[in-house]
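Peer 1: One predicted model, sequence on top.
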Amino acid sequence: MPITPATATHTPSNGTADAILLELVDENGVTIGTAEKLAAHQPPGQLHRAFSVFLFDEHGRLLLQRRALGKYHSPGVWSNTCCGHPYPGEAPFAAAARRTYEELGVSPSLLAEAGTVRYNHPDPDSGLVEQEYNHLFVGLVQSPLRPDPEEVGEIAFVSPEELAERHAKDTFSSWFMTVLDAARPAVRELTGASAGW
């Protein structure tokens, strides 16, 4: 991915999570300030802007990723295609497309907004808190994936039935079902009712 003004300005020089700034918001999603990433996730958590992406293949299967073991927050768990935080002042849509490319090496097709959801999910394993105002996006993946191993441990395309089986036996991110349920109307519109989402 080419270096853009956004990535050049906001990429931390030392690569640590606490050097990245997040956009703090009120209950209506209005920006009220910034906080360092790690500080925003310390209990009780500070409400901040986030995004979640759900990409599907031509068969209507959802692309899941298992987060890399080296990640400081929720390592090794399964989650939606991509999630993260816009840089302060960065549009959530642009952040979703940027981060999907950075993590998976693919630009999503027909990426569309799918609403927002606000939640508060403590992560018992890390002790961190996801206090987020999350912008949801759905789209298609139509090119070969090139996952960044520092971000993504594994990927899988799943049908609704396969997701139910996997969710019953594997560990998923604390926010996964909340964001999936909130995105379902847009997912059904994208994939068609016959896909079963």
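Peer 2: Arrived safely, thanks for sending. Numbers count the residues shown, from 1 in each chain.

Peer 1: Tell me which residue is most central in this protein.
Peer 2: Cys83 (1.0 Å; CA atoms, centre = their mean).

Peer 1: Just give the closest residue to that one, not the sequence neighbours.
Peer 2: What sits nearest to Cys83 in space, not counting adjacent residues and going by CB to CB, 6 or more residues apart in numbering, is Ser52, at 4.5 Å. In short, each C-beta sits where N, CA and C put it, glycine included.

Peer 1: what's the offset of whichever strand or helix holds the residue nearest to the centre of the chain from the middle of its chain?
Peer 2: Secondary-structure assignment from DSSP states H and E places Cys83 in strand 82-84. From the chain centre to the centre of strand 82-84 is a distance of 2 Å (CA atoms, centre = their mean, to the nearest Å).

Peer 1: Kindly report the same for stretch 34-42.
Peer 2: Its chain's average C-alpha position is 17 Å from that of stretch 34-42, according to CA atoms, centre = their mean.

Peer 1: same check, this time on stretch 29-39
Peer 2: In terms of CA atoms, centre = their mean, the centre of stretch 29-39 is found 17 Å from the chain centre.

Peer 1: Show residues contacting that stretch.
Peer 2: For stretch 29-39, contacts defined as CB atoms under 8 Å, 6 or more residues apart in numbering pick out 17-26, 46, 48-49, 72, 85, 88, 116, 133.

Peer 1: what's the span of that stretch, first residue to last?
Peer 2: Taking CA to CA, to the nearest Å as the measure, stretch 29-39 stretches 19 Å from start to finish.

Peer 1: need the longest strand for this structure.
Peer 2: strand 109-122 (DSSP state E).
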